[in-house]
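> Give me coordinates for this.
(one chain, ligands or ions: 2)
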Amino acid sequence: MSWQTAMDCSEILAQHAVTALIEEAELTPKPGLVDKQNSGSHSDMSCELMITSAKALEETFAQIALVSYQQKPSQSLREKIAEIGRSGEKAMFRATGGVNTHKGAIWALGLLISSKAMASPDTDSETIAKLAGELARYHDRYVPTQQTNGLRIQKRYGVPGAKGEAEQGFPHLRLIGLPALHKARQKAKSELHARIDTLLALMANLDDTCILHRGGMDTLLVIKEKADRVLVQGGVSTAAGWEALADLDLECERRRVSPGGSADLLAATIFLDAFNTSTKSRCLESSVTN
Ligand SMILES: CC(C)(COP(=O)(O)OP(=O)(O)OC[C@H]1O[C@@H](n2cnc3c(N)ncnc32)[C@H](O)[C@@H]1O)[C@@H](O)C(=O)NCCC(=O)NCCS
Ligand SMILES: Nc1ncnc2c1ncn2[C@@H]1O[C@H](COP(=O)(O)OP(=O)(O)OP(=O)(O)O)[C@@H](O)[C@H]1O
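Ligands and ions are numbered 1, 2, ... in the order given. Now for the predicted structure:
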């Protein structure tokens, strides 16, 4: 996939980002998260709301791509996209009536869109994620000083959180998400199973501040271990893996936790993967059973 002008680039990247968010929301089943079957551990969200929110972000994503087109990482660019990202958060809250549907996703996708727009269209995903990290490491002098759940949790548990993940060049995207998706496809898994296995691989590895915030460290460790157990059983395409997924789902429900950070990184994985020409026309079946 290629683009010739800044406008093309902006439209293509924004559309792809919205599609990635919609495909993440619609992927079913997902433990603890909003999907087509239920709203997981989120009493204030639904799949329709996630889709409304995703569509409301298209303009934000387009603006980020436009200001980043053929630029280099710099403090000035970092501050420009931070401002656009913050107005994107406002657009999200307006569209959802005040519900935080995509804050983490705006952050991750915003940086990756900026990086894609800076680089030439055929740049590989590894380089894109690292370039996004380079941009994230510039200090934003206008960052609001108020405390967030994520900042509190990062301090309390000493984990990198969404900010650290980006500043490190998205290691979970490069080393876990994209390889898990490609490995599942190599094993001829269906696209549905491949994507759920990718989410589980992220959940098994990520110190997700959404889970830490609601459940604490004990809960995070149990969720990581149970996600890993599905993969050890061969993933959700096996009967034992499917059963282990049901067990993980019950655990998220019982503890009222949701892997929002892993969901964001799954959307980011889907976004970057779409530019890989060999996987362009993947067919995602709508079945929710094994
Ligand atoms: C860095 C952000 C996410 C704020 O982070 P913070 O951890 O303080 O906030 P908060 O807890 O509210 O949100 C974090 C969200 O990140 C996701 N997340 C959680 N853990 C992780 C993790 N380990 N890795 C990646 N994402 C994670 C979850 O969805 C979570 O809800 C971001 O909102 C921000 O600072 N935006 C400012 C605007 C900006 O600079 N934008 C630039 C790109 S558009
Ligand atoms: N399918 C999904 N379902 C739920 N959350 C998702 C999904 N996809 C991504 N997320 C991410 O999860 C985050 C929402 O998590 P959460 O509800 O824990 O945040 P919060 O509103 O800040 O905290 P809390 O609800 O615990 O007060 C969003 O910012 C979003 O980026």
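> Surely Ile176 and Leu202 touch.
Yes - applying CB atoms under 8 Å, one finds Ile176 in contact with Leu202, separated by 5.7 Å. In short, each C-beta sits where N, CA and C put it, glycine included.
> More neighbours: which of the two?
Neighbour count, other CB atoms under 10 Å: between Ile176 and Leu202, Leu202 has more, with 25 against 21.
> got a list of what that one touches?
His172, Ile176, Gly177, Ala180, Pro259, Ser262, Leu265, Leu266, Thr269 (CB atoms under 8 Å, 6 or more residues apart in numbering).
> before we move on, back to that, joint contacts of Ile176 and Leu202?
The contact lists of Ile176 and Leu202 share Leu265, where a contact means CB under 8 Å, 6+ apart.
> how would you label Val236: helix, strand or coil?
Put simply, Val236 is coil when judged by DSSP: H, G, I helix; E, B strand; the rest coil.
> Output the contacting helices and strands for the helix or strand of the chain with the lowest mean pLDDT.
In the chain, no helix or strand scores lower on mean pLDDT, DSSP states H and E than helix 149-157, which sits at a mean of 91. Other elements packing on helix 149-157 under the criterion 3 or more CB pairs under 8 Å, 6 or more residues apart in numbering; DSSP states H and E are helix 161-167, helix 209-232.
> For ligand 1, see how far away Ala119 is.
Per CB to the nearest ligand atom, to the nearest Å, Ala119 is found 16 Å from ligand 1.
> unless I'm mixing things up, that residue is touching Leu131, no?
Yes - shown here, Ala119 and Leu131 form a contact pair, counting by CB under 8 Å, at 6.2 Å.
> need the residues of the stretch 101-250 of the chain near ligand 2, please.
Within the stretch 101-250 of the chain, the positions lying close to ligand 2 (CB under 6 Å from any ligand atom) are His102, Lys103, Gly104, Ala105, Asn149, Cys210, His213, Arg214.
> If any of these are buried, put those into a PyMOL selection.
This is the PyMOL syntax for the buried subset of those, where burial follows 16 or more other CB atoms under 10 Å:
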select buried, resi 102+103+104+105+210+213+214
